[in-house]
Structure formats: C-alpha cells, structure tokens
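1. structure for this input, please:
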Amino acid sequence: MPSLEIFIAFLATTAIFAFIPGPAMLYAAAQTIARGRWSGLMASLGIHLGGYVHVVAAAAGLSMLFHAVPLLYMVVKFAGAVYLIWLGISLFRTKAQGEIAPAGFEHKSGRRAFFESITVEVLNPKTAIFFLAFLPQFIDPTAAFPVWVQFMLLGTIVNMIFSTADLMCVFLAGAVLGRLQRSSRAQKLMQRAGGTILVGLGTHLALQKS
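-> Next up, the predicted model:
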C-alpha cells in the first residue's frame, strides 16, 4: 500500500473528484426527481455495485482493452448512451407518483431503477478509463500487497467515496421533491425534468469525442 502521505493525497484527490457534480450524481438526482427518493437510493446502490465491475476489470488489466481496441470503447460508449436516452424517454411515458398506480409501485420502481443503474454504470467506459488512469498513480509495486490487491482496495475506497456523493445528491433532490409532492402537476413536471436529464446525459456521452 502507498505511504501515509500518499494515501492522504489519494483520499483528498478522490473526494475532490467525487463531489464535483458529474454524470453519476446527475443520474441519481434524475431518478430521485422522476421516481422518488427510494428509487434514487436504489439507483445509487446500482451505480455503486456496477462500479465494482470496473474495479475488477482494472485489477485484472481488462480496462486496457479500451485503449488497445478503440472500436470496443466506441461500441460500449454508444450502447450506454442509447440506453440512457431510452431510459429518459421512458420516464416521459410513466405515470407520475400522484396518479393512480398499482400497489407496490414504489418498490417496483425502486427495483427497476436498481437494475437499470447497474447496466448504466457497466456500460460507461469512462469509468473504466478513470480507474485505469487514476489508481496506478497511488499503486506501489514494491509493497507487500500484490498490485491487483492494491487495485481492489483503492478502487473500493474510490467507489465508496463516489457513492457517498451520490447519496448526498439523492437526499438533496428528495428534499426538493418532498416540497412538491402535494401537487400532481409539479410531480409530472419533475418526472419530465428527470427524463430530460437522462436524455441529456446520453446525448452528451454519445457526442463526446473521447
């Protein structure tokens, strides 16, 4: 493991990256706004678990495939972009929470947000590139732990810090949503706002050059 000084620098740098508003935070907020706090929490959990796929890939060296095969990177990126856009459009077609909905709708919505979020995170090649570029700066090849173990440990810490930021965003969005729950019109507008954010994220991902 890195020295204490390097580890502190690692934590500080990770926190800076985590709490700068980014796609994951916007995605979690969009799910909260559109479907409620429970769905936002489940979305954050899904993003968190999906992040471990990239941690394992980085530890195994699989993320290097994105550098070695640019076409693979582009295919995964566009698949993720299309999926985000599809999720956004689907929110425009979903009933607002204030409208008549079947029993257990909230939990079904949360479960759906959970699995959707895992897919969104796994299909985000930029997360894989981030881990591959960021973690080696704090890896010590001469340490007692093997390099792959250091990747796993540091990657887990990064994932937990980023998820903390996502959860804060969910609770903030939930607080705003709570003030608007009495108005079915406001709920519908918030749901559409969430869908717009997802479509925007997907479009941004698709149009990015790298």
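
2. how about the helix or strand hosting residue 71: buried residues?
-> Following DSSP states H and E, one finds residue 71 within helix 70-92. For helix 70-92, a neighbour-count test (16 or more other Cβ atoms under 10 Å) marks 73, 76-77, 80-81, 83-85, 87-88, 91 as buried. Just so you know, the C-beta spots here come from the backbone N, C-alpha and C atoms, and that holds for glycine as well.

3. stretch 56-68 too?
-> Applying 16+ other Cβ under 10 Å to stretch 56-68 flags 56-59, 63, 66 as buried.

4. span of that stretch from start to end?
-> Using Cα to Cα, to the nearest Å, the span of stretch 56-68 from its first residue to its last is 18 Å.

5. residues making contact with that stretch?
-> 54, 72-73, 76, 125, 128-129, 131-132, 135, 148-149, 151-152, 155 (Cβ atoms under 8 Å, 6 or more residues apart in numbering).

6. residue 145 contacts residue 153, doesn't it?
-> Yes: contact criterion Cβ atoms under 8 Å: residue 145 and residue 153 qualify, at 7.4 Å.

7. the helix holding residue 71: what's the following helix or strand?
-> Sequence order places helix 105-122 as the next helix or strand after helix 70-92, per DSSP H and E.

8. show me what that following helix is packed against.
-> Using 3 or more Cβ pairs under 8 Å, 6 or more residues apart in numbering; DSSP states H and E, the elements in contact with helix 105-122 are helix 23-35, helix 37-60, helix 70-92.

9. repeat that with 6 Å
-> helix 37-60 (3 or more Cβ pairs under 6 Å, 6 or more residues apart in numbering; DSSP states H and E).
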